[in-house]
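Novice: Would you be able to build a 3D model of this:
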Amino acid sequence: MTQATHQTPNVKAQLNVCIINSSGNSGKTISGRWLVKPRLQDPIYFRIGYNNRNISGDEIFAPVEKLSDVHVELIMMDTSVIVEVEMSEFERTIDRMIKMRGCHEDYDFFLVPVVDSSPKLIADSIGTIKILVNMGIPPHKIRILFNRDPGRYSAYDYFEELTDTLNELKIPYDLNAQFQCYDFYEKLEALNLSFEDLTEHNLIEAKAHLKKISEKGRIHRLTDTEKAAKAFYVQVVLVQRAALAYKSEHDEVFEILFQNYPESDMAENC
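Specialist: Predicted coordinates:
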């Protein structure tokens, strides 16, 4: 197994990252929005897709035909850039990148999130990785995020087939770079809470609001507005508790994924 050597990066890294996988339901969007984006310096987030229906917040939709314009931003902007390629546009994006010879050099890393929920998803992910290597992307620039499916109960580890391929292609990886719990990120999004809201102080504030409303409810009948507020703060407290419990763990996952590998490993893998 080719393992990474841990190094402590800057708190806010400045990187250009492409998040890509031909497999659906691999965690590309969750990884981009909640793992990568909050930990980069002033990131611009592009989504390469068929339409803009999945765009959220300050994300920028771009069709494949505008990929060259995205790369102008990659080269010109003095900030971090994330490019997420939706599954539906994977093949056309790869074709366009091949025509834009050398454009992969504009990225610091290609992040491939992989989920272990089925052999097909693993096979699709392996196919994606091989395509990236065949495009000329150096193995050390390809980073693998191992997403564990919490709903899968099986003694067989689908990741074994994946790691065999990574070893064969000399792609460094670390099995500690994995998400085992991330559903609370989607709940945060539904509650319109940002990553920056995940602090002990904000949790204490939410608990104080909830306590105040609950105490009033013991004396007076709550209005519909107050009942709705109570329900909201209950969700905020529960979600922030879960998120804070995993935040430091996911900080470590980010550090593992985007560390710099020793030059000896990079030379060996190129």
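Novice: Please go through the protein and pick out the longest helix.
Specialist: helix 224-257 (DSSP state H).
Novice: name the helices or strands packed onto it?
Specialist: Taking 3 or more CB pairs under 8 Å, 6 or more residues apart in numbering; DSSP states H and E as contact, the helices and strands that helix 224-257 lies on are strand 142-147, strand 178-179, helix 183-190, helix 200-219. Heads up, the C-betas are built off the backbone N, CA and C, glycines and all.
Novice: Can you find the helix or strand in the chain with the smallest mean pLDDT?
Specialist: helix 263-269 (a mean of 41; mean pLDDT, DSSP states H and E).
Novice: Could you name the residue of this structure that is farthest from its center?
Specialist: residue 219 (45.9 Å; CA atoms, centre = their mean).
Novice: can you pull the pLDDT of residue 155?
Specialist: For residue 155, the model assigns a pLDDT of 47.
Novice: That should have said residue 166, apologies.
Specialist: For residue 166, pLDDT reads 95.
Novice: residues touching it, list them.
Specialist: 2, 129, 144, 172-173 (CB atoms under 8 Å, 6 or more residues apart in numbering).
Novice: Could I get these in TSV, plus columns for distance to residue 33, neighbour count and pLDDT?
Specialist: Below are the contacts of residue 166 laid out as TSV (distance: CB to CB, whole Å; neighbours: other CB atoms under 10 Å; pLDDT from 0 to 100):
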residue	distance to residue 33	neighbour count	pLDDT
2	29	18	43
129	22	25	97
144	19	24	96
172	25	23	92
173	23	23	93
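Novice: Just the ones of the residues you listed in helices?
Specialist: residue 129.
Novice: Distance to residue 117 added to the contacts of residue 166, as TSV?
Specialist: Formatted as TSV, the contacts of residue 166 follow (distance: CB to CB, whole Å):
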residue	distance to residue 117
2	25
129	18
144	16
172	24
173	19
